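Visitor: the sequence isn't on hand, but the structure is:
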């Protein structure tokens with residue numbers, strides 16, 4: 001019995017020792033793997049940082065090079081050209097101007113000299129000599145679509161740009177004390193309307209921010225419905241289908257029930273149906289148009305059925321903004337947080 005007990009004890013001790021050794025080996029292997037992962041993570045982080053520094057350095061060098069080229073090639077801005085496109089209007093190494101598309105080379109002094117030399121009309125961005133080209137206003141809003149006019153409107157006596165930069169010839173006349181200017185050719189003074197535009201843009205941004213906050217209520221309202229796509233992305237316009245909205249335009253009262261029915265009524269006459277069948281004409285961020293067809297055809301040319309387009313725009317409350325009619329077609333601009 002003692003021999004058997006000793007044998008079992010030895011086997012048990014051997015197993016315990018083996019397990020302990022395996023645990024130590026496994027622990028050592030895990031620690032090495034963890035160190036490798038950490039080292040790799042540090043290496044990747046360092047690599048990302050190095051790449052970021054290289055990109056920033058390249059951008060700074062490009063900007064500095066662009067500034068130097070502007071200073072060395074010309075000391076003035078090119079009238080009618082966007083700032084980001086000025087590099088296209090710098091003189092070549094031969095001191096010429098290369099037409100943007102035809103690649104024809106002309107003397108640099110011909111640029112904006114009020115005579116169209118390039119076949120592609122690119123040498124007169126600031127005058128009306130090439131009427132098929134565009135003139136970009138000096139004032140531009142950051143992040144907005146560039147504001148431009150047809151070159152044929154430059155110096156035509158009408159202020160198209162909010163800063164009046166398109167009437168630059170008149171501006172020069174006003175600042176040269178020309179006493180012999182005929183009364184019929186007195187320069188036009190363009191008031192600066194840019195501040196008003198900036199204020200309007202800021203106001204619109206505030207509306208968008210507030211509208212997006214309220215949009216969550218519309219998404220929550222749509223959680224209980226199954227056919228969400230019928231009511232726009234994630235059913236965001238479903239809440240509007242639960243109400244009707246009215247507007248009084250002269251003698252007509254309009255009743256707009258999105259996704260259901262639109263009507264027009266004059267005094268105590270029977271209401272005229274403007275649309276009942278719903279279909280999305282456009283459905284993408286910033287461009288939501290709901291088309292409602294199947295309206296009454298009475299008094300419409302060729303018995304054409306009336307139809308209504310509800311153009312949803314971002315707003316902080318649900319309301320009809322405007323209604324326009326054009327031969328039995330009705331365009332309704334409708335403000336709602338759902339469109340933000």
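Guide: Great, that's in hand. Computed from a predicted model, the values in this text were never measured in an experiment.

Visitor: please report how far residue 77 lies from residue 85.
Guide: In this view, residue 77 and residue 85 are 12 Å apart by CB to CB, to the nearest Å. Yep, even glycine has a C-beta here, placed from its N, CA and C like the rest.

Visitor: you'd agree residue 283 is up against residue 233?
Guide: Yes. With contact defined as CB atoms under 8 Å, residue 283 reaches residue 233; the gap is 7.2 Å.

Visitor: which non-adjacent residue is nearest residue 119?
Guide: Closest residue in space to residue 119, ignoring its immediate chain neighbours: residue 102 at 4.5 Å, by CB to CB, 6 or more residues apart in numbering.

Visitor: contacts only, for the one you found.
Guide: For residue 102, the contacting residues are 118-120, 122, by CB atoms under 8 Å, 6 or more residues apart in numbering.

Visitor: report the buried members of those.
Guide: Listed as buried from the contacts of residue 102 are 118, 122; burial here means 16 or more other CB atoms under 10 Å.

Visitor: what are the ranges of the strands in this protein?
Guide: 96-98, 105-107, 134-136, 148-150, 245-249, 252-257, 261-266, 272-275, 277-284, 287-293, 307-314, 319-325, 329-336 (DSSP state E).

Visitor: dump those strands to TSV, plus mean pLDDT.
Guide: Output for the strands of the chain, formatted as TSV (pLDDT from 0 to 100):
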stretch	mean pLDDT
strand 96-98	95
strand 105-107	95
strand 134-136	94
strand 148-150	93
strand 245-249	94
strand 252-257	96
strand 261-266	96
strand 272-275	96
strand 277-284	94
strand 287-293	96
strand 307-314	97
strand 319-325	95
strand 329-336	97
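
Visitor: now those in a markdown table, with mean neighbour count and distance to residue 218?
Guide: Converted to a markdown table, the strands of the chain look like this (neighbours: other CB atoms under 10 Å; distance: least, CB to CB, whole Å):
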| stretch | mean neighbour count | distance to residue 218 |
| --- | --- | --- |
| strand 96-98 | 20 | 54 |
| strand 105-107 | 14 | 58 |
| strand 134-136 | 21 | 39 |
| strand 148-150 | 17 | 37 |
| strand 245-249 | 13 | 15 |
| strand 252-257 | 18 | 17 |
| strand 261-266 | 20 | 21 |
| strand 272-275 | 22 | 22 |
| strand 277-284 | 13 | 15 |
| strand 287-293 | 19 | 12 |
| strand 307-314 | 22 | 11 |
| strand 319-325 | 15 | 15 |
| strand 329-336 | 21 | 8 |
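
Visitor: tell me where the stretch 151-300 of the chain has helices.
Guide: In the stretch 151-300 of the chain, helices defined by DSSP state H, counting those that start in this stretch lie at 168-174, 194-221, listed in chain order.

Visitor: wait, what's in contact with residue 190?
Guide: If you count contacts by CB under 8 Å, 6+ apart, residue 190 has them with 159, 161, 163-164, 167, 170-171.

Visitor: ok, now residue 168?
Guide: With CB under 8 Å, 6+ apart, residue 168 has these contacts: 79, 126, 154-155.

Visitor: and the strands of the chain: which comes nearest residue 227?
Guide: strand 277-284 (11.8 Å; CB to CB).

Visitor: specify the angle between that closest one and strand 287-293 in degrees.
Guide: Using axes from the mean of the first three to the mean of the last three CA atoms, to 10 degrees, the direction of strand 277-284 lies 170 degrees away from that of strand 287-293.

Visitor: okay, the closest residue to residue 339 other than its chain neighbours and residue 139: tell me how far apart.
Guide: Of all residues not flanking residue 339 in the chain, residue 312 sits nearest, at 4.0 Å (CB to CB, 6+ apart). Separation of residue 312 from residue 139 (CB to CB): 30 Å.
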